[in-house]
Every structure is written in structure tokens, then in C-alpha cells.
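> I need the structure of the sequence given here:
(chains A, B, C and D)
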Number of protein chains: 2
Amino acid sequence: MPRDTAADPKQEILRTSARLFQQRGYDATSMNDVAAALKLSKGGLYHHFQSKDEILFEIMNHAMEITQERVLNPLQGIADPEERLRTLIRLHIEVVLSPRDREITVMLHENHPLPPSLRKRINARKKEYVHFLEKLIAEVQQKIRTQKPRGNGSADAAKAKVSPRAAAFALLGMINWIYQWYKPEGDLQAQNLIPQFTELVFGGFFA
Amino acid sequence: MPRDTAADPKQEILRTSARLFQQRGYDATSMNDVAAALKLSKGGLYHHFQSKDEILFEIMNHAMEITQERVLNPLQGIADPEERLRTLIRLHIEVVLSPRDREITVMLHENHPLPPSLRKRINARKKEYVHFLEKLIAEVQQKIRTQKPRGNGSADAAKAKVSPRAAAFALLGMINWIYQWYKPEGDLQAQNLIPQFTELVFGGFFA
DNA sequence: TCGCCTTTACTGCACGGTACGTTATGGCGG
DNA sequence: CCGCCATAACGTACCGTGCAGTAAAGGCGA
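Numbers count the residues shown, from 1 in each chain, chains lettered A, B, ... in the order given. Prediction:
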């Protein structure tokens, strides 16, 4: 339950820690760094969280919750697979572009020393998302295939058949790579990026 | 000049360091860890490299050279833009999938503490690659536009115009995200992945 | 002889975490 | 209303450990 409560010191610690971990790396960010950024002492920090590990643990849990609530849950009311995929693309990109969500969710994609059980949970969640996306893409492929009968069969023979799995990884790459290049002051923002990426998926790069 | 010389201790140190840095993170990998993995002492390690920083520096330089030699240089003899783009996709994916190149080049995409000058150089190289790709995609768009006259204009009005820039980032995302999900023992390997990703680019996800 | 180590010991520093003291605040009872 | 107490939320000083890097002496093999 990520409540927007700037008055909650624990949330503030998590947010600041996530930002510093992302900027400098987990191991290169000391608890003194985090404390200083919060204008606390280290002792004050340890009043709220038992260890540095616990902070990382909580950040990861929070990041997984964001994806669940912001992306996956709103899709459940959408029956049409194509519409569902379009909405997924939009929602996922919105999470990546949102400053608040970005600094937390980027942590899911970086290599952190995590306890095996947490690492396992995160990997399981990632796999679920991939499978979900894979199935959704398969549905959309099926739908489009029954709506548009194939023409000029011999021209299509040279084209590779794209598996939903490869397509799912490609789409995740397109979206999640945004963490690497996105700039809040750049000219690619939600209102032009989402339509373009959606068009790349549905119309191709050169349609 | 990355020479395939397993007898070159410096190269061996760089390779092993890159692997460990990638697995555990730069800061969480000690010089003792690196030395132990090489069956050396720390003192022996410092005989070859002056500092941990220097090792990281050399790894990064090497990674940039790989991209230049393996991807960009071979493209120069190809006149046709579409052919050039197809080849770029193939070569870039091959780099990511090659065990030797992957463990070095992945370092380019992780958040390491780097001296500002090296960070600046890497960012400049990345930008060059993006610009190169952007221009190439624009050429292909232009070529395809002059070859295939647009039909049913009103049906196209609802489609977003995809800028070469957005397309370039999307393509880089597709390819570079492979670092995140690829498994040497998985069912997606070069011979099926390259055709599928190429098809995704040229034919779309649902063509 | 020289390159390439090993071993040992060390330095200075920074780290995560701990222990204890202090302060501010709220609640309660006389 | 005020004193007292409990507690949360700190701050400071400290601990033990591990780090990058250094130095010196010596060994071994080509």
C-alpha cells in the first residue's frame, strides 16, 4: 500500500535510499550517506530500520507492489486482448516515466546483493510478468490472425515466425530500457512516447 | 585491439574482473576476490594493474572497442540502408549473445563509479551509437516510403508517426535488454532470436 | 638477471552495526 | 495545572571488520 504520505519517516527513508542506491550503487552508498541525505544521524536511521538489508528488502517489495497496482491490476477489467495490450504498454511506460515510481522500480532491474529468498521472489514475479505478456501477445496475434486473412503467401514465406515469447522480451526491452536513456527534460515524454511505442508494436518500425 | 590471447595475464585479469564485477557488483568485489579467482595473490595482481579503478577503466575501454569492431566497422561496406540495419541487428545481437563479449560489454550498461572523464567518454560513445542508429533508421524509413506508396490514407491518420529517435531507443532496448533475460541454456539463441527480432523490426509484432 | 610472482605485515580509512545518553512529547493522576 | 513517567526519535562515540593499497624480502624459472 504505497500511500502518499510524505510525513511517514519510513517511506521517506526508503525513497531517499532508493535514489541514492540507484545513483551510486547499493554497496557504494553508506548508511552515513543515507542519514546525511535525510539530515539524520546514523543512529536515528537505525531507529527506524534494523539494517541496510532491511531497507533494500522494503524497497524491493514496494517496487513489486507498484507494478502490481499500477500495471497489472487495472488490466483486469479489459476484455479485448488488443485493448489490454495497448493499455499495458501505456501503464508500464507511465510507471517508468513517473519520477516517484521510477526511482523505486528501477531497483528491480539492477544487480543487488539480495538474500536468496528475496532474489527468488523477484525472479518469480518477473517470470510471471513475462508469461502474462507472452499469453497476451499470443491472444492478440490470434485475434489479428482471424481478422486479417493472409495475402500473398509466397512473400510471407521468407519472414520469421515471431513467437510470443520473443515478442514479450522485445517489448519488455523497449519499455524497460527507458530507464537507461530517459531524461525528464528530454523531448521524449509520455504524450509522444507512448503513442510511438504503441505504434512500433502494432504497426512496426517501418509501416 | 582485443587479441584472443589467453596467455596474456592482463587480459585474463580484465576478463575475470569483469565477470566478478558483473556478478557481485564492483564495490562488493574486493581485490582479494579477484586475486583468488585468478589463483593469484593480491600483491601479484597489483604487479599488473595499478589500482582497482584502472582495471575498471580498462574493462570499459575494451567494451567500447568491441562494439566498434564487431558492430560498427563491418557495417561500412554495406551501401543499402535496409541491409545495413539488418546486419546491425544481427551483429549487435551476436555481441550480446557471445559469452566472451557479453561479460565485457554488459559493463557498459551498469551503474559504476567512474571518473568523470571516463563517464563522459562512455556517454559520448553511446550517444554516437544512438545518432548513428537514428540516421540509419531514417534512411530505411525514407527508402521504404519511396518504394511503397501509401494506401488508404484515412486509415493511417490515427497512427502515430514514429520518429527515428524513438525507434532507435526502442531497438536498442530490445537488443540490450537481452543482457537481462538471456540464458545460454534457454531456447532463444542466435539462430532463432536474430530472425525473430529482425522480423519484429521490419514486419512488426503482429504482421 | 629479470620478470613474475608469493608472503607477510602493515597503514589508514570506511563500513555496518551497537550502546548509551539526551530530548521532546504525550498521557495520566493528584 | 503540574509533576512524573514512558516512549519515540534521535545524537554521539564506539566496536570489530574489511577494504584498497603499500612495502619489503624472498623464491623460482626462463
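> and the host helix or strand of residue A:10, what does it pack onto?
Residue A:10 belongs to helix A:9-24 when assigned by DSSP states H and E. With contacts defined as 3 or more CB pairs under 8 Å, 6 or more residues apart in numbering or on different chains; DSSP states H and E, helix A:9-24 has these neighbours: helix A:31-37, helix A:42-48, helix A:52-67, helix A:99-105. Where you see a C-beta, it was placed from the backbone N, CA and C, and this is true even at glycine.
> pipe those helices into CSV and attach mean pLDDT, mean neighbour count and distance to residue A:191 per row.
Below are the helices and strands packed on helix A:9-24 laid out as CSV (pLDDT from 0 to 100; neighbours: other CB atoms under 10 Å in any protein chain shown; distance: least, CB to CB, whole Å):
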stretch, mean pLDDT, mean neighbour count, distance to residue A:191
helix A:31-37, 93, 16, 32
helix A:42-48, 92, 14, 38
helix A:52-67, 93, 19, 21
helix A:99-105, 93, 18, 16
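> right, so of those, which gets closest to residue B:85?
The closest of these to residue B:85 is helix A:99-105. By CB to CB, the value is 30.1 Å.
> right, and the helix or strand after that closest one?
helix A:116-147.
> got the angle for that next one vs helix A:52-67?
Angle of helix A:116-147 versus helix A:52-67, following axes from the mean of the first three to the mean of the last three CA atoms, to 10 degrees, is 20 degrees.
> is DNA strand C within reach of helix A:116-147?
No - Helix A:116-147 is not in contact with DNA strand C by CB under 7 Å from any atom of the strand; minimum separation 14.5 Å.
> now do that helix, average pLDDT.
Averaged over helix A:116-147, pLDDT sits at 92.
> give me the helices and strands touching that helix, please.
Right, helix A:116-147 is packed against helix A:52-67, helix A:81-97, helix A:164-176 by 3+ CB pairs under 8 Å, 6+ apart.
> would TSV of those helices with distance to residue B:17 be doable?
Below are the helices and strands packed on helix A:116-147 laid out as TSV (distance: least, CB to CB, whole Å):
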stretch	distance to residue B:17
helix A:52-67	25
helix A:81-97	31
helix A:164-176	27
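> wait, which of those is closest to residue B:16?
helix A:52-67 (26.9 Å).
> residues near residue A:166, how many?
24 (other CB atoms under 10 Å in any protein chain shown).
> what does chain A put close to DNA strand C?
A:29, A:30, A:31, A:32, A:33, A:42, A:43, A:46, A:50, A:51, A:52, A:53.
> can I get those in JSON lines with distance to DNA strand D?
Putting the residues of chain A next to DNA strand C into JSON lines (distance: CB to the nearest atom of the strand, whole Å) gives the following:
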{"residue": "A:29", "distance to DNA strand D": "15"}
{"residue": "A:30", "distance to DNA strand D": "11"}
{"residue": "A:31", "distance to DNA strand D": "10"}
{"residue": "A:32", "distance to DNA strand D": "9"}
{"residue": "A:33", "distance to DNA strand D": "14"}
{"residue": "A:42", "distance to DNA strand D": "5"}
{"residue": "A:43", "distance to DNA strand D": "2"}
{"residue": "A:46", "distance to DNA strand D": "7"}
{"residue": "A:50", "distance to DNA strand D": "13"}
{"residue": "A:51", "distance to DNA strand D": "13"}
{"residue": "A:52", "distance to DNA strand D": "12"}
{"residue": "A:53", "distance to DNA strand D": "15"}
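> of these, closest to residue B:17?
residue A:29 (21.8 Å).
> so the closest one makes contact with residue A:22?
No - with contacts defined as CB atoms under 8 Å, residue A:29 does not count as touching residue A:22, sitting 9.2 Å away.
> columns distance to chain B on top of the residues of chain A next to DNA strand C, output as JSON lines?
Compiled in JSON lines, the residues of chain A next to DNA strand C are given as follows (distance: CB to the nearest CB, whole Å):
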{"residue": "A:29", "distance to chain B": "9"}
{"residue": "A:30", "distance to chain B": "10"}
{"residue": "A:31", "distance to chain B": "14"}
{"residue": "A:32", "distance to chain B": "15"}
{"residue": "A:33", "distance to chain B": "13"}
{"residue": "A:42", "distance to chain B": "19"}
{"residue": "A:43", "distance to chain B": "24"}
{"residue": "A:46", "distance to chain B": "21"}
{"residue": "A:50", "distance to chain B": "20"}
{"residue": "A:51", "distance to chain B": "16"}
{"residue": "A:52", "distance to chain B": "12"}
{"residue": "A:53", "distance to chain B": "13"}
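> make a markdown table out of those residues and add distance to residue A:186.
Shown next, in a markdown table, are the residues of chain A next to DNA strand C (distance: CB to CB, whole Å):
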| residue | distance to residue A:186 |
| --- | --- |
| A:29 | 26 |
| A:30 | 31 |
| A:31 | 33 |
| A:32 | 33 |
| A:33 | 28 |
| A:42 | 37 |
| A:43 | 41 |
| A:46 | 39 |
| A:50 | 39 |
| A:51 | 37 |
| A:52 | 33 |
| A:53 | 35 |
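> show me whatever sits in contact with both of residue A:29 and residue A:22.
When CB atoms under 8 Å, 6 or more residues apart in numbering or on different chains defines a contact, no residue borders residue A:29 and residue A:22 alike.
> what's the spacing between the closest residue to residue A:135 other than its chain neighbours and residue B:96?
The shortest distance from residue A:135 to any non-neighbouring residue, by CB to CB, 6 or more residues apart in numbering or on different chains, is to residue A:164 (7.2 Å). Using CB to CB, to the nearest Å, we find residue A:164 at a distance of 21 Å from residue B:96.
> list the contacts for the closest residue to residue A:45 other than its chain neighbours?
Excluding its sequence neighbours, the residue lying closest to residue A:45 (CB to CB, 6+ apart) is residue A:35, at 4.6 Å. Applying CB under 8 Å, 6+ apart to residue A:35 gives the contacts A:41, A:42, A:44, A:45.
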